[in-house]
Each structure stands twice: as C-alpha cells, then as structure tokens.
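In: Please find the sequence and the predicted model below.
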Amino acid sequence: MSRDGDVSRDGQQYDAAGLRARVAEFLASHDHTTMDRVEFLRARFDAGLAWIHFPVGLGGLGAPRALQPVVDEAFAAAGAPDNEPRRIGIGLGMAAPTILRHGTDEQRRRFLRPLWTGEEVWCQLFSEPNAGSDLAALATRAVRDGDDWVINGQKVWTSQAHLARWAILLARTDPDVPKHRGLTYFICDMTAPGVQVRPLRQITGDAEFNEVFLTDVRLPDSLRLGAVGDGWRVAQTTLMNERVAIGGAALPREGGMIGILARTWRERPDLRTPGLHDELLRLWVAAEAVRLTGERLRQQLAAGQPGPEGSAVKLSFATLNQRLSALEVELLGVEGLRHDDWTMRRSSTVDFLERTPVYRYLRAKGNSIEGGTSEILRNIIAERVLGLPREPRSDVDVAWRDLPK
C-alpha cells in the first residue's frame with residue numbers, strides 16, 4: 001500500500017476514488033432505471049465491477065478484495081439493483097470461489113457470470129444421512145461410463161435444491177482407497193433425469209431444506225471439477241469459504257440479532273429485569289467481539305484464501321445466535337412464543353430479521369449444524385489453530401469399502 005492509500009496489484013494502482021470513478025462512468029452509460037435488471041447486472045459483470053478481485057473477463061479487475069465494499073457502496077448509493085445475494089448465497093459464497101480456484105477456463109466462463117447475476121441458483125450436495133459430520137465417509141457413488149459419470153446416492157439438508165439449476169456435488173469414485181482419497185468433485189445438473197428433490201419440513205414450519213435422490217444421473221466428464229480422486233482437496237475450498245459466508249458477514253455495530261434484542265430492551269422498559277440486563281450486556285460484548293473478529297478475517301481474506309480461522313468465526317456466530325434468540329424469547333415471555341406461519345413454506349432465503357422471535361429461536365438451532373457442526377469445528381480449531389494433538393483415528397489407512405457401515 002502506498003503512502004496515499006492506493007493499493008497495488010501486479011503493478012496496477014487501485015484506490016477508492018478511482019473505483020468510484022469507474023462506477024460513475026459505468027452508470028453514466030448504463031441507466032439502471034430503464035435497463036432490464038438482468039441486462040444491467042450482466043453489463044456490470046462484464047465491466048469487471050462484480051467481484052473486483054476476480055480476474056479480468058470473469059467479473060473482476062484483478063484488484064484487491066479489500067476494495068470490494070467501495071464498489072458495492074457506490075452502486076447502492078446510486079440506487080442500482082443488486083444480485084440479491086441472500087437468494088444466491090450458496091453460489092456466491094461456495095460455488096464461485098471453488099470454480100475460480102479449481103475449474104477449467106471453460107467452466108469459469110460458463111458458470112461464473114449467470115451465477116453472479118442470479119440467473120442460475122446453486123445448491124450444495126455434500127451431506128448424506130450417514131455422512132454429515134464425517135463428510136469423507138459419504139456413500140454416493142460416481143462410476144465412469146465412457147465420457148460420462150453415472151451417479152447414484154442420496155443427499156440431505158440441501159438448502160434451495162428446489163430452486164437450484166446447478167449443484168456442487170461430492171461423490172465417491174474409488175471405494176478401494178481410504179475415504180478421503182476416493183472422492184471426486186462434480187458440478188451437477190439439477191434438471192438431469194434421475195434427480196429428485198423432496199422437501200424436509202423443519203421445526204420452524206418452513207421447508208428451505210431438502211433431501212435429494214440421485215438415480216442413474218449421467219453427468220459428462222466436462223462437469224468434473226478438479227482431478228479424479230482429488231475431491232477432498234477441492235471440497236476444502238468450498239468448506240472454508242462456506243464457514244466465512246455463514247459467520248463472517250459484514251455488519252455495523254449492533255447489526256444482526258443483537259440489534260433486534262437491544263432495540264426491544266430500549267423500547268420496552270416494562271420487560272426489563274436486572275438478571276436479563278446483565279445477560280444482555282454480556283451478549284452485547286460477545287456480539288461486538290464476533291463482529292470485529294469477522295472484520296479481521298475479511299482483511300485476511302483480502303490477501304488470500306480463508307484458513308481455519310473461519311471455523312472459529314462460524315462457531316462463535318452459531319453459539320451467539322442461539323444465546324441471543326433464547327434471551328429474546330425469555331425477555332418477551334408469552335408474547336415471544338407467537339409464530340407468524342406454521343405452514344410448510346418453501347423458503348428461498350433464511351430471514352432472521354423479518355420473522356418472529358420464536359422463528360429466530362428455532363431456526364438458530366440449525367446454526368450449530370450447517371456449515372460444519374460445532375463439534376467438528378472445535379476439533380479443527382484445536383488441531384489446526386491451537387496445535388493440540390489430533391484425536392486417535394482408526395480409519396486413516398483403511399479402504400472405505402472395509403469401514404463399518
């Protein structure tokens with residue numbers, strides 16, 4: 001970084017003022033009030049103003065990631081439409097970084113643009129009924145047949161599968177080697193024959209999750225991401241980015257659920273008790289610590305790929321959300337138990353802020369499961385951050401085929 005605040009990347013200087021000027025120039029020639037929304041977003045992608053840290057031609061400028069908020073804020077200030085990031089979060093936060101890092105040039109050109117514009121929704125086909133926390137134990141098989149792969153298996157807890165055009169899929173291609181080494185990563189066509197999506201009703205009444213059955217699904221080898229048998233390494237890119245996407249969102253002070261709780265406390269003095277006040281203060285401090293840790297993590301991301309620190313942020317986010325939602329229900333008493341809708345809504349997004357307190361309380365229970373269970377994340381932190389001894393494992397050198405099922 002130079003003394004005047006510019007950021008240099010490959011000899012090219014980038015600064016906030018220059019990027020704002022780029023946005024202004026783009027807006028002068030693309031009137032978002034008259035253009036079709038998707039056409040506007042396509043043009044923004046082609047101008048390199050989507051993910052500015054992505055390469056030129058793939059929605060970016062090769063600029064530092066740290067300057068992305070400058071561009072986003074400039075478009076927002078002009079009233080320009082965004083790509084509805086909450087609706088396409090799996091594509092943006094998980095599929096895109098994985099395709100960028102491990103995909104072929106052809107795959108990057110084919111998938112990244114409609115992914116970013118929101119024309120194609122993505123889902124994640126990782127977890128299985130008998131392979132959730134132990135993802136490497138998954139049983140979905142992919143068998144080579146000429147230029148195709150034939151997929152058979154079942155996936156579960158798949159958010160937005162009922163809306164998705166594409167999925168990131170982890171399947172077993174070699175059962176005769178240890179479980180981590182026999183996996184291959186694919187892009188799955190959710191419209192292919194043999195793909196069946198069934199809703200899973202949740203404790204909230206919603207059905208944002210699904211189970212997905214894959215029966216003789218044929219995928220061309222061109223939809224393989226990375227080398228055969230290298231799926232576990234490719235999946236680590238997805239998982240690390242997923243944890244940051246879930247727990248590391250940028251928030252202002254008192255943003256998110258702590259803001260709802262603090263506002264209720266200020267506006268409803270009739271609900272206050274000394275014991276709850278002490279707990280609210282503790283949670284406010286914890287929320288601020290998590291927020292600042294997330295900010296630090298995003299600064300680290302500006303210089304490279306996410307590491308195990310993302311597991312700590314996601315773990316803290318899950319624990320905090322559950323404590324905040326529980327305190328809100330306790331604070332409101334009977335009033336906090338009223339729910340707006342127990343019908344099986346086929347949700348497209350998870351909406352913590354616009355729903356009822358009891359929805360937040362119930363939905364927050366899933367935060368300690370999705371994106372890696374809290375137990376697994378504690379192991380990652382212990383082993384990869386704190387350097388503690390690994391847990392004894394008896395399956396490291398055993399072929400997957402010979403493991404107890």
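Out: Received, thanks. Numbering: from 1, shown residues only.
In: Quick one: mean pLDDT over stretch 27-42.
Out: What stretch 27-42 shows for mean pLDDT is 97.
In: got a list of contacts for it?
Out: 43-44, 75, 78-81, 83, 113, 116-119 (C-beta atoms under 8 Å, 6 or more residues apart in numbering). Backbone N, C-alpha and C define where each C-beta goes, glycine included.
In: what's the spacing between it and its chain's center?
Out: The chain centroid and the centroid of stretch 27-42 are separated by 27 Å under C-alpha atoms, centre = their mean, to the nearest Å.
In: Could you pull out the buried residues of the helix or strand that contains residue 289?
Out: Using DSSP states H and E, residue 289 maps to helix 274-301. Judged by neighbour count using 16 or more other C-beta atoms under 10 Å, the buried positions of helix 274-301 are 279-280, 283-284, 286-287, 290-291, 293-294, 297-298, 301.
In: and the next element down the chain from it?
Out: helix 309-332.
In: circling back to that earlier point, so which of the buried residues of helix 274-301 would you say is closest to residue 270?
Out: Residue 270 lies nearest to residue 280 out of the buried residues of helix 274-301, by C-beta to C-beta, at 15.3 Å.
In: my read: the closest one touches residue 263, true?
Out: No. Counting by C-beta atoms under 8 Å, residue 280 sits too far from residue 263 to count as a contact (11.5 Å).
In: any idea how far residue 331 is from the residue sitting furthest away from the middle of the chain?
Out: For the chain, the residue at maximal distance from the C-alpha centroid (C-alpha atoms, centre = their mean) is residue 270, at 38.9 Å. According to C-beta to C-beta, to the nearest Å, residue 270 stands 11 Å off from residue 331.
In: What ranges in this protein fall below the confidence cut-off?
Out: Applying pLDDT under 70 to the chain flags residues 1-13, 243-250, 299-308, 348-349.
In: one more time with 50, if that's ok
Out: The chain contains residues with pLDDT under 50 at 1-11.
In: Contacts for the lengthiest strand in it, please.
Out: Across the chain, the longest stretch assigned as strand under DSSP state E is strand 209-220. For strand 209-220, the external contacting residues (C-beta under 8 Å, 6+ apart) are 125, 140, 142, 145, 147-162, 167, 186-189, 192-200, 202.
In: let's go with 6 Å and repeat that
Out: 148-159, 161-162, 186, 192, 194-200 (C-beta atoms under 6 Å, 6 or more residues apart in numbering).
In: Are any of those residues buried, and if so which?
Out: For the contacts of strand 209-220, a neighbour count by 16+ other C-beta under 10 Å gives the buried set as 148-159, 161-162, 186, 195, 197, 199.
In: Looking at those residues, which are in strands?
Out: Checked against DSSP E, the buried ones among the contacts of strand 209-220 include these in strands: 148, 149, 150, 151, 152, 153, 154, 155, 186, 195, 197, 199.
In: of the residues you listed, closest to residue 381?
Out: For those, the minimum distance to residue 381 (C-beta to C-beta) is 26.8 Å, reached by residue 155.
In: how close does the closest one sit to residue 213?
Out: From residue 155 across to residue 213, the span is 8 Å (C-beta to C-beta).
In: Residue 51 belongs to a helix?
Out: No. Going by DSSP: H, G, I helix; E, B strand; the rest coil, the assignment for residue 51 is coil, not a helix.
In: Okay then, goodbye and thanks.
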